[in-house]
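> no sequence for this one, just the structure:
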Ligand SMILES: Nc1ncnc2c1ncn2[C@@H]1O[C@H](COP(=O)(O)OP(=O)(O)O)[C@@H](O)[C@H]1O
Ligand SMILES: [Mg+2]
């Protein structure tokens with residue numbers, strides 16, 4: 001029996017690694033939490049939600065007046081809500097009602113609540129409730145399992161609720177779900193308040209003294225990541241240039257009259273790797289410090305250059321940048 005058993009073990013290990021890849025993929029996006037008014041956010045989300053559910057489902061959006069500002073990544077929250085809306089729609093094939101409601105919520109420290117793992121304190125509670133088919137206990141128990149789906153092949157991926165769970169955890173919030181067969185489903189998202197966000201993430205330290213005058217070139221093919229880095233660096237007081245590919249970066253470094261003090265480059269990009277680009281610059285006599293960025297766990301940059309792993313916190317990026325500018329680090333080859 002040894003042979004078939006070891007085959008099974010091997011297959012299990014393979015799917016384990018596939019799962020972890022997909023999950024880290026779904027969390028690869030860098031979360032940029034910001035303070036905003038959830039009521040206004042929901043008002044803006046109303047029309048995309050209506051389009052998603054069609055005309056047979058009645059949409060109700062209700063936010064309690066005077067809600068405190070929440071502290072969450074907006075696009076992540078939008079994606080999470082859309083996942084819940086799609087699930088609700090799928091559970092109401094012949095119509096029904098979908099209610100999004102928001103209210104203040106205090107989580108006490110007793111631990112006797114559905115939000116296991118969340119720190120006690122004040123939150124905003126966002127609930128997405130549908131009048132659909134609901135779920136039996138056996139289904140409910142498995143809904144957060146990656147790839148668990150009751151939908152036919154091609155319709156469900158089983159990654160919607162795991163994404164919501166991953167996002168809420170990463171956001172220092174929580175998610176809970178209540179449902180019974182034939183009685184609809186309610187998903188509750190516990191959103192942290194801006195007032196309780198750690199000061200370090202709320203206000204990235206401004207770059208000081210000499211470093212603040214530095215010019216930084218950002219090379220990143222993903223526009224969302226690039227824009228985020230540019231915004232964070234600019235906010236910290238740096239002069240920032242940005243390009244989407246290594247070929248343009250090479251031209252820019254060679255010709256930019258003001259001089260570039262630091263290049264921050266993604267490693268995996270179309271055309272040329274970021275570390276290859278750095279090597280070409282060094283070979284061409286452009287003596288510029290480089291910080292490489294990669295989301296791939298086993299990606300080791302050549303030339304021993306400093307590496308920042310994605311996803312990173314903005315404060316982490318600023319710390320590394322400040323440190324490199326202070327050291328005036330140069331590539332070793
Ligand atoms: N609002 C809902 N009503 C009924 N069942 C739901 C609801 N949301 C999720 N489910 C159940 O949980 C399963 C997993 O959901 P999800 O992770 O979003 O994956 P998918 O939608 O691709 O199946 C669904 O297949 C369904 O059985
Ligand atoms: Mg889904």
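Ah, there it is. Note that the coordinates shown come from a computational prediction; the quantities given were computed from them, not determined experimentally. Ligands and ions are numbered 1, 2, ... in the order given.
> Please name the residues that touch residue 144.
161-162, 165 (C-beta atoms under 8 Å, 6 or more residues apart in numbering). Quick note: C-beta positions are derived from backbone N, CA and C, even for glycine.
> again with residue 108
residue 120.
> do you know how far the closest residue to ligand 1 within the stretch 151-300 of the chain is from residue 275?
Taking C-beta to the nearest ligand atom, ligand 1 has its nearest neighbour within the stretch 151-300 of the chain at residue 160, 2.4 Å off. In this view, residue 160 and residue 275 are 36 Å apart by C-beta to C-beta, to the nearest Å.
> With residue 164 instead?
35 Å.
> more neighbours, those two?
Using other C-beta atoms under 10 Å, the more surrounded residue of residue 164 and residue 275 is residue 164, with 26 against 22.
> Helix, strand, or coil at the more buried one?
Put simply, residue 164 is helix when judged by DSSP: H, G, I helix; E, B strand; the rest coil.
> Residue 190 against residue 123, yeah?
Yes. Here residue 190 reaches residue 123: they are 4.7 Å apart, a contact under C-beta atoms under 8 Å.
> what residues do those two have in common as contacts?
Shared contacts of residue 190 and residue 123, counting by C-beta under 8 Å, 6+ apart, come down to 105, 107, 173.
> Where strands are concerned, which of those count?
Taking DSSP state E as the definition of strands, the shared contacts of residue 190 and residue 123 contribute 105, 107.
> Among the shared contacts of residue 190 and residue 123, which one has the most neighbours?
Most surrounded of these: other C-beta under 10 Å gives residue 173, at 24 neighbours.
> I'd like to know how far that one sits from ligand 2.
19 Å (C-beta to the ion, to the nearest Å).
> ok, the nearest residue to that residue once chain neighbours are set aside - how many residues close by?
Spatial nearest neighbour of residue 173, excluding adjacent residues (C-beta to C-beta, 6 or more residues apart in numbering): residue 190 at 4.7 Å. By other C-beta under 10 Å, the residues close to residue 190 number 23.
> Helices of the stretch 101-250 of the chain, start to end?
Using DSSP state H, counting those that start in this stretch, the helices of the stretch 101-250 of the chain run over residues 137-142, 160-170, 199-202, 223-235, 246-255.
> So which of those is the most surrounded?
Burial of these is given as mean neighbour count (mean count of other C-beta atoms under 10 Å); helix 160-170 ranks first at a mean of 20.
> what's that helix in contact with?
Contacts for helix 160-170 (C-beta under 8 Å, 6+ apart): 23, 26-27, 31, 73, 76-77, 79-80, 83-84, 86-87, 117, 143-146, 174-175, 177, 187, 189-190.
> and if you look at stretch 91-100?
Here stretch 91-100 has contacts from 42, 49, 53, 56-62, 81, 85, 88-89, 126-134, 184-185, using C-beta under 8 Å, 6+ apart.
> With ligand 1 in mind, check whether that stretch reaches it.
Yes. If you take C-beta under 6 Å from any ligand atom as the test, stretch 91-100 does meet ligand 1, through residue 91.
> got the buried residues for stretch 60-74?
The neighbour-count check on stretch 60-74 (16 or more other C-beta atoms under 10 Å) flags 61, 63, 67-68, 70-73 as buried.
> Could you do stretch 75-84 as well?
Buried residues in stretch 75-84, counted by 16+ other C-beta under 10 Å: 76-77, 79-84.
> can you put the buried residues of stretch 60-74 in CSV and add pLDDT?
Listed next are the buried residues of stretch 60-74 as CSV, based on pLDDT from 0 to 100:
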residue, pLDDT
61, 97
63, 96
67, 95
68, 95
70, 96
71, 94
72, 92
73, 87
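> Mind picking the one among the residues you listed that's closest to residue 307?
residue 73 (23.8 Å; C-beta to C-beta).
> thinking again about what came up before, among the buried residues of stretch 60-74, which lie within strands?
Short answer: the buried residues of stretch 60-74 in strands (DSSP E) are 61, 63, 70-73.
> any idea how far ligand 1 is from the residue in the stretch 1-150 of the chain positioned nearest to ligand 2?
Going by C-beta to the ion, ligand 2 is nearest to residue 87 of the stretch 1-150 of the chain, at 4.4 Å. Note on residue 87: its distance to ligand 1, by C-beta to the nearest ligand atom, to the nearest Å, is 3 Å.
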